[in-house]
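Chemist: I'd like to go over a predicted model; first the sequence, then the structure.
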Amino acid sequence: MTAPLKVTRAHRILIGVVVAGALVIAGIGFAGSYAAVRALAIRKGFGEFAYFFPIGIDAGICVLLALD
């Protein structure tokens, strides 16, 4: 049997960089998605609910992906 691999300091740094990058990309995607869906909801007459509608859409996508 082989010994389990050890996570070195370099690995932890690289993992941190990847996680930080993923969070930045996710934030940019959420901001763009939120702005586009909110603008559409405003044009379609959702009123004040238009500001919360995109959050519901993104939350629904996350739930469906988790279920998949």
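Modeler: Happy to help now that I have it.
Chemist: helix or strand for Ala10, just tell me which one.
Modeler: helix 9-43 (DSSP states H and E).
Chemist: and after that helix, which helix or strand comes next?
Modeler: Following helix 9-43 toward the C-terminus (DSSP H and E): helix 53-67.
Chemist: so that following helix versus helix 9-43, what angle?
Modeler: 130 degrees (axes from the mean of the first three to the mean of the last three C-alpha atoms, to 10 degrees).
Chemist: run the chain-centre distance for helix 53-67.
Modeler: Centre-to-centre, helix 53-67 and its host chain are 10 Å apart (C-alpha atoms, centre = their mean, to the nearest Å).
Chemist: buried ones in it, by neighbour count?
Modeler: Phe53, Pro54 (16 or more other C-beta atoms under 10 Å). For the C-beta atoms, the positions are set from N, CA and C on the backbone; glycine is no exception.
Chemist: what helices or strands is it leaning on?
Modeler: Secondary-structure packing of helix 53-67 (3 or more C-beta pairs under 8 Å, 6 or more residues apart in numbering; DSSP states H and E): helix 9-43.
Chemist: which parts of the helix holding Ala10 are buried?
Modeler: Neighbour-count burial for helix 9-43, counted by 16+ other C-beta under 10 Å, picks out Tyr34, Val37, Arg38, Ala41.
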